[in-house]
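K.L.:
Return a 3D structure for these sequence lines:
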Amino acid sequence: MKLIRHRLFFFIVTISMSLNSHKALAEVLPNRLPALNAAYSGKLNYIDYGSGKPVSIPLEIQFLTSKNGKNLIVDRVYTDPGFQVFSLSVMRYEKKSKAWIDENFESNGKSTSTYNILEFSVSGNNHWKVVRNIVQQDDKRDALLTITDTFVDDEFRSETRVDYLDTDENENFRRNWIELKVQP
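P.N.:
Residues are numbered from 1 along each chain as shown. Here you go, the predicted structure:
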C-alpha cells in the first residue's frame, strides 16, 4: 500500500508541475490548428495484451482541419485480425483550459477523452508536434498514458507510452506506435 501511495503522490506532483507550466504553454499555443488535408497510410503497431508480442496491422488515416481551424477531423480505417474498424474523431484544443479534447465515434458509440497538453509546437503547416497525457485504463489497470503525435513533411508518427499507477516502478513502455506516409 505504501508503494501505491508513493506512485499516486508521484502522479499528483507530475500533474501539478504540468499545470504550472501551462502559462508558458499558453504563450506558444496557436489560435488555430495548422491547415491539414491529407491522407496517410502505413502501419499501426501495438503490444498484444495476451501474448505481450508486437503486432502490426495496416492503417489508413485522413486528416482534415475544420474551416475555422479549431478542429482536427481524423478518419481512421484499420484491419485488425478478423475484422475491419472504422473510427472517426473530432479533436480540438481548448486554449483557455490547455486541454486536448478527442471525441471518438465508432460502431459501439461515442467516447470523449480530455488530455492535458504537455507540448504543442508548430513550425509551418508541415511541421508540428503535440504531446499529451491522460489517466485511463490500460490492460484493466489505471495508467498514465502519454501520447506524442508528430507531423513532419509527408510523415505522421504517433507513440503511446504507458506507466501503471499501481506500482512503484516507472514502466514507461511503448504500448502502440503509428508510422504513416502521405498517400500519393
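
K.L.:
and K67, how many neighbours?
P.N.:
For K67, the number of neighbouring residues by other CB atoms under 10 Å comes to 7. From N, CA and C alone the C-beta is placed, and that goes for glycine too.

K.L.:
Quick check: it vs I73, distance?
P.N.:
11 Å (CB to CB, to the nearest Å).

K.L.:
Next: N126.
P.N.:
For N126, the distance to I73 - CB to CB - is 18 Å.

K.L.:
same deal with S123?
P.N.:
Look at S123 and I73: by CB to CB, they are 22 Å apart.

K.L.:
Counting neighbours, go ahead and name the busier of these two.
P.N.:
I73 (16 against 10).

K.L.:
can you pull the contacts of that one?
P.N.:
F63, L64, T65, S66, L88, S89, V90, M91 (CB atoms under 8 Å, 6 or more residues apart in numbering).

K.L.:
wait, doesn't the third one sit right on N37?
P.N.:
If I follow you right, that is T65. Yes: at 6.7 Å, T65 counts as touching N37 under the criterion of CB atoms under 8 Å.

K.L.:
Between these two, which has more neighbouring residues?
P.N.:
Shown here are T65 and N37; by other CB under 10 Å, T65 has more neighbours (17 against 10).

K.L.:
Before we move on, what's the pLDDT of F105?
P.N.:
Among the per-residue scores, F105 shows a pLDDT of 85.

K.L.:
Can you name the residues bridging to it?
P.N.:
Counting by DSSP bridges, F105 forms beta bridges with L88, K110.

K.L.:
what about it, how many residues close to it?
P.N.:
Neighbours of F105 using other CB under 10 Å come to 14.

K.L.:
ok, now how distant is it from S87?
P.N.:
F105 is 7 Å from S87, by CB to CB.

K.L.:
T160 now?
P.N.:
From T160 to S87 the distance is 15 Å (CB to CB).

K.L.:
neighbour-wise, which of the two wins?
P.N.:
T160 (19 against 14).

K.L.:
which residues does the more buried one contact?
P.N.:
L145, T146, I147, R174, R175, N176, W177.
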